[in-house]
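Trainee: Here is a sequence together with a model predicted from it:
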Amino acid sequence: MYATRRGRPSSTLTVNQMTRPALSIAPNKAFAMKDLPPDAKQRKALFWRFWLSAKEFWTGEQRRIAWIMTLGLIALVILQLVISYRINVWNRDIFDALEKKDGATVLYQSMIFIPMAVFSIGVAVAVVWARMRTQRRWRAWLTEHVGDRWLDKGRYYQLNLVAGDHQNPEHRLTEDMRIATEAPVDLAVGILTAFLTSVTFIGVLWTVGGDLPVDWGGSQIVIPGYLVIAVVIYCIIISSSMMFIARSFVPMAEAKNQSEAEFRYALTRLRENGESIAILGGEKEERAGLSKLLAKLMSAYHNLAKQYMRTMSVSHGNYVIASVIPIILCAPKFLAGTMTLGQVMQAAAAFIQVQYAFNWIVDNYPRLAEFTASARRVASLMVSLDRLDQSQASAITRGEDSEGAAIRLKDVKVELTDGTVVIEDADVIVKLGEKVLLAGDSGSGKSTLVRAIAGLWPWGEGEIMLKPGSKLFMMPQKPYVPLGTLRRAAAYPQAADTIDDAALKEALEQVGLGHIVDRIDEEDVAWDQMLSGGEKQRLAFARLLLEKPDLVVMDEATSALDTASQAKLMTMIGEKIPELAIISVGHRAELEEFHDRKLNLVKSKEGAKLVSGDDIIGPPISLMGMLMKRWRPRGDGQAGR
């Protein structure tokens, strides 16, 4: 099939816009050109592709604010650790005072604990603020950069035409992007905290615990830093158990995210196509399709739940055991009188801090798995954009025509993404004010040629040239109606506040939408649902009058209108914009009378040939049509709603 999705937004393009290079966030071209290795190597390559772009937050234009936030966050983490160490010392002091029944010291320690607690709470809140601010700024920056690449030069449309792992890009740019930028900051803060905590409190364990003498076979063996050795062995056991049990977490998280995106996309399509589904009575079939997707999603959640249960057995077991082990290990020295109660409590608290730091993976492996899964999904979109850019290195070129033609197609060959030729060697010149009808059998490549002219279909060869400084306006069969007011919809793709109010209302009146002029500023109206197909096409003509371009390409732009309305609108634009060059795609015979010449796409094995209407057997521009044009009654033609 040569073309898909006719409902592309109408848009205006200048020559400069059509020839500018695609925005980039420094994609690795060599990476995009070669085939990715399978399985684990591919996942690793995707992760590094994500980081290649993501790290530019700290090396690009935003690096100053990025490093200020990062260093500030590190400083707060260190300050939080200092407070934790001070509370650990306070723990020892107050329990020693309790053991000695020293009331004055207990009172003093109780009094100094209040400001320490307040300060600790304040620093913890500051850490949360700094962490979330960094996450927010990073996400906004990366979303804008990837989004710019996705939106530039119709990439969002072209991705629908090429193979690759880029389904549901809206989910990748929202939920996956959120996780991919929030989780690394959380994990980095966690790793830094764990490292500093382990270093600090290992020192506490070594100092407080000291050596442990053990009688063995009549001789005494001294175990230096026995609490440190114990906590290291314990943490290795717990971490190894978690790594083994949770080894399938990443693919399961990826499967869950993909199923979630597919189910959300299906629901969105159901809402957007509600009218057609309701008219056809397709609720039963839609419900069946949704049920399958929901079952797939629930199966993915079931597998993930089992994985969570396995990891919980290790995590909760660690929570129960960890607080008891240090007390048991300190008991011999306490009973021997070589360790005070305060030192036991200090060592117990330090042991828990160290094992928490060492076993950081126990509590965060699911989070790490979710991050890697989301980062790879975002990276897959980046890779598809990289490959799309690389595949267009030898695409149809665009430039300016020095001879002043509205548009010139020179040796244009249009191909499918797999290299199959759709249109072979098209040579066409359309002058300003000239109106050309493009006809041909279904599947001959008419809409594909239209997309090539618009710059949305780059695959092929040859050159498309426009008059210097000219504007190209596209009118698809199903005009896009954006969210918001009717004023915004009529002005689109321009900003609503750039259009003169009187000109806007006049344009709507001229195209037969005068009955809704008074509602142009109404909020909360779903105009894409309120307007009929014919009214949407009238709205596109209003945009044409407001834009006043040099060239317009109409792809079945009057198919939803009755013949009288079609005649009125086509005649009107010829009168209002006499220098406008028109290229029309249509099947109606009545369209011929509004055009100066006809071009036909004729299929062949080598690709469709573009020939003039006089060179093939087919209906030329008819004499009857010319007479109808001369004697047509001037009516309003409000049909076509």
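Mentor: That came through fine.

Trainee: give me the low-pLDDT residue ranges for the stretch 101-250 of the chain?
Mentor: 217 (pLDDT under 70).

Trainee: I'd guess residue 468 is in a helix, am I close?
Mentor: No: counting by DSSP: H, G, I helix; E, B strand; the rest coil, residue 468 is located in no helix; its state is coil.

Trainee: Find the nearest non-adjacent residue to it, please.
Mentor: Counting by Cβ to Cβ, 6 or more residues apart in numbering, the nearest residue to residue 468 once its immediate chain neighbours are dropped is residue 400, at 4.4 Å. C-betas here are computed from N, CA, C, even on glycine.

Trainee: Let me know whether residue 187 touches residue 367 as I believe.
Mentor: Yes: at 6.9 Å, residue 187 counts as touching residue 367 under the criterion of Cβ atoms under 8 Å.

Trainee: The strand or helix carrying residue 99 - contacts with which helices or strands?
Mentor: Secondary structure from DSSP states H and E places residue 99 in helix 63-100. Counting contacts by 3 or more Cβ pairs under 8 Å, 6 or more residues apart in numbering; DSSP states H and E, helix 63-100 is packed against helix 103-151, helix 177-209, helix 341-358.

Trainee: And the helices in the stretch 401-550 of the chain?
Mentor: Here the stretch 401-550 of the chain has its helices, by DSSP state H, counting those that start in this stretch, at 446-454, 486-491, 501-510, 527-530, 533-547.

Trainee: Give me whichever of those is most buried.
Mentor: The highest average neighbour count among those, using mean count of other Cβ atoms under 10 Å, belongs to helix 446-454 at a mean of 26.

Trainee: Other residues contacting that one?
Mentor: Contact with helix 446-454 is made by 2-3, 6, 11, 13, 154, 396, 407, 409, 412, 414, 422-423, 426, 438-440, 457-458, 460, 464, 472, 474, 553, 555, 583, 585, 601, 610, as judged by Cβ atoms under 8 Å, 6 or more residues apart in numbering.

Trainee: could you dump the helices of the stretch 401-550 of the chain to a markdown table with distance to residue 114?
Mentor: Output for the helices of the stretch 401-550 of the chain, formatted as a markdown table (distance: least, Cβ to Cβ, whole Å):
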| stretch | distance to residue 114 |
| --- | --- |
| helix 446-454 | 69 |
| helix 486-491 | 57 |
| helix 501-510 | 65 |
| helix 527-530 | 60 |
| helix 533-547 | 68 |
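
Trainee: Nearest to residue 308 among those would be which one?
Mentor: Of all the helices of the stretch 401-550 of the chain, it is helix 527-530 that lies closest to residue 308, at 41.4 Å by Cβ to Cβ.

Trainee: what about that closest one, distance to the chain center?
Mentor: 26 Å (Cα atoms, centre = their mean, to the nearest Å).

Trainee: what about that helix, average pLDDT?
Mentor: Averaging pLDDT along helix 527-530 gives 86.

Trainee: Kindly report the same for stretch 260-272.
Mentor: When pLDDT is averaged over stretch 260-272, the result is 85.

Trainee: which ones are touching the spatially most central residue of the chain?
Mentor: The central residue of the chain, meaning the one whose C-alpha is nearest the mean C-alpha position (Cα atoms, centre = their mean), is residue 173 at 1.8 Å. Listed by Cβ under 8 Å, 6+ apart, the contact set of residue 173 reads 143, 146-147, 150, 378, 381.

Trainee: so residue 373 is in which element?
Mentor: Element membership for residue 373 (DSSP H and E) is helix 360-391.

Trainee: Next, the residues that contact stretch 579-589 from outside, please.
Mentor: Stretch 579-589 is contacted from outside by 406-407, 430-439, 446-447, 450, 453, 548-559, 563, 566, 573-574, 591, 594-595, 619, 622, 625, using Cβ under 8 Å, 6+ apart.

Trainee: Just the terminal-to-terminal distance for that stretch.
Mentor: 24 Å (Cα to Cα, to the nearest Å).

Trainee: and that stretch, which residues are buried?
Mentor: In terms of neighbour count (16 or more other Cβ atoms under 10 Å), stretch 579-589 has its buried residues at 580-586.

Trainee: Count the neighbours of residue 215 for me.
Mentor: Close neighbours of residue 215, defined as other Cβ atoms under 10 Å, add up to 8.

Trainee: That one belongs to a helix?
Mentor: No: counting by three-state DSSP, residue 215 is not part of a helix but strand.

Trainee: got the contact list for it?
Mentor: Residues near residue 215 by Cβ under 8 Å, 6+ apart: residue 221.

Trainee: thinking again about what came up before, going by neighbour count, which of the contacts of residue 173 are buried?
Mentor: Buried members of those, scored by 16+ other Cβ under 10 Å, are 143, 146, 150, 378, 381.

Trainee: thinking the third one is in contact with residue 157, fair?
Mentor: No: because the distance of 10.2 Å does not satisfy Cβ under 8 Å, residue 150 is recorded as not touching residue 157.

Trainee: among the helices of the stretch 401-550 of the chain, which is nearest residue 340?
Mentor: helix 486-491 (74.7 Å).

Trainee: Which other helices and strands does the closest one contact?
Mentor: Helices and strands in packing contact with helix 486-491 are listed as helix 501-510, helix 533-547; criterion 3+ Cβ pairs under 8 Å, 6+ apart.

Trainee: Put together JSON lines for these, with distance to residue 363 on each row.
Mentor: Converted to JSON lines, the helices and strands packed on helix 486-491 look like this (distance: least, Cβ to Cβ, whole Å):
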{"stretch": "helix 501-510", "distance to residue 363": "59"}
{"stretch": "helix 533-547", "distance to residue 363": "54"}
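
Trainee: rewinding a little: for the residue nearest to residue 468, the count of nearby residues, please.
Mentor: 15.

Trainee: Same question for residue 522.
Mentor: Neighbouring residues of residue 522 were enumerated by other Cβ under 10 Å; the total is 12.

Trainee: Can you tell me the closest non-neighbouring residue to it?
Mentor: Using Cβ to Cβ, 6+ apart and skipping residues adjacent in sequence, the residue nearest residue 522 is residue 485, 6.4 Å away.

Trainee: who touches the one you found in this structure?
Mentor: By Cβ under 8 Å, 6+ apart, the neighbours of residue 485 are 496, 520-523, 525.

Trainee: Can you give the domain ranges for the chain?
Mentor: 35-391, 397-631 (automatic domain parsing).

Trainee: Looking at those, which one is packed in the most?
Mentor: With neighbours defined as mean count of other Cβ under 10 Å, the domains of the chain peak in mean count at domain 397-631, which reaches a mean of 18.

Trainee: Model confidence for the closest residue to residue 396 other than its chain neighbours, exactly?
Mentor: What sits nearest to residue 396 in space, not counting adjacent residues and going by Cβ to Cβ, 6+ apart, is residue 460, at 4.8 Å. According to the per-residue confidence, residue 460 scores 82 in pLDDT.

Trainee: What I need now is the helices and strands packed on helix 63-100 written out in a markdown table, including distance to residue 255 for each item.
Mentor: Putting the helices and strands packed on helix 63-100 into a markdown table (distance: least, Cβ to Cβ, whole Å) gives the following:
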| stretch | distance to residue 255 |
| --- | --- |
| helix 103-151 | 23 |
| helix 177-209 | 15 |
| helix 341-358 | 30 |
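
Trainee: Alright, I will stop here.
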